[in-house]
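Undergrad: This is a predicted model, with the sequence first.
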Amino acid sequence: DVKVTQSSRYLVKRTGEKVFLECVQDMDHENMFWYRQDPGLGLRLIYFSYDVKMKEKGDIPEGYSVSREKKERFSLILESASTNQTSMYLCASSSPTTGSQGRYEQYFGPGTRLTVT
Amino acid sequence: GNSVTQMEGPVTLSEEAFLTINCTYTATGYPSLFWYVQYPGEGLQLLLKATKADDKGSNKGFEATYRKETTSFHLEKGSVQVSDSAVYFCALPIQGAQKLVFGQGTRLTINP
């Protein structure tokens, strides 16, 4: 079974702190994603990585950065946490397929609920 | 580009009721279609999928048929249980990208 793990289920940080959220997948997937989920706003893509050291901005990258030094690990960094970054953060991975749209099935971790006070 | 429109919730049903959650899409070609489920406090899990037109995906008593004529992928279950209470998301690939676009999610609550 594909397994995507996230370093913390719950996290409480103070405004201005630097925050690291870690995600690890064990299926040798090339693609990894960070989303945030907020009530009424659904899932929004923050960043996407399609290979080691490669990244692409998603829909809401402001205030975030990412790091992918190894294929299995994708980190989300909040350089200076703010209260409006209180949210549920979801990591996912997938493997690219051939064809114009392919299957692109994503596998999700359990999520990290971050509270910034 | 590809997009998905999902039935707004919340939806509240009694146990053993019939469930339909509507999902319609706009897409170039015939992309794969997915339903994901998110149980309280957890991440998303793939519930079912269909990879080509007229395919029927099924899992845990849920079904959805890929209908190209109506560009729909409605989720159905004949008899829901309390344990089906969750948020359900319809999704499809973004054209030309290895990413998915998700519907807004439909919160389903089943009362005993």
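TA: Yep, it's here.
Undergrad: got the residues of chain B near chain A?
TA: Taking Cβ under 8 Å from any Cβ of the partner chain as the criterion, chain B approaches chain A at residues B:2, B:27, B:29, B:31-32, B:34, B:36, B:41-46, B:49, B:51, B:89, B:93, B:95-96, B:98-100, B:102-105. Yep, even glycine has a C-beta here, placed from its N, CA and C like the rest.
Undergrad: Buried only: go through those residues for me.
TA: Those of those that meet the buried threshold are B:2, B:27, B:31-32, B:34, B:36, B:42-44, B:46, B:49, B:51, B:89, B:93, B:95, B:98-100, B:102-105, by 16 or more other Cβ atoms under 10 Å in any protein chain shown.
Undergrad: Show me those residues that map onto strands.
TA: Counting by DSSP state E, the part of these found in strands is B:Phe34, B:Tyr36, B:Leu44, B:Leu46, B:Lys49, B:Phe89, B:Pro93, B:Leu100, B:Phe102.
Undergrad: Which two of those have the greatest separation?
TA: B:Leu44 and B:Pro93 (15.6 Å; Cβ to Cβ).
Undergrad: For burial, what's the neighbour tally of the nearest residue to B:Gly103 once chain neighbours are set aside?
TA: Closest residue to B:Gly103 apart from its sequence neighbours, by Cβ to Cβ, 6 or more residues apart in numbering or on different chains: B:Gln6 at 3.0 Å. For B:Gln6, the count of nearby residues is 23 (other Cβ atoms under 10 Å in any protein chain shown).
Undergrad: Assess the claim that B:Gln6 and B:Val101 are in contact.
TA: No: the criterion here is Cβ atoms under 8 Å, and B:Gln6 misses it with B:Val101 at 10.8 Å.
Undergrad: which parts of the longest strand that chain A contains are buried?
TA: Determined from DSSP E, the single longest strand within chain A is strand A:42-51. Across strand A:42-51, burial judged by 16+ other Cβ under 10 Å covers A:Leu43, A:Leu45, A:Ile46, A:Tyr47, A:Phe48, A:Ser49, A:Tyr50.
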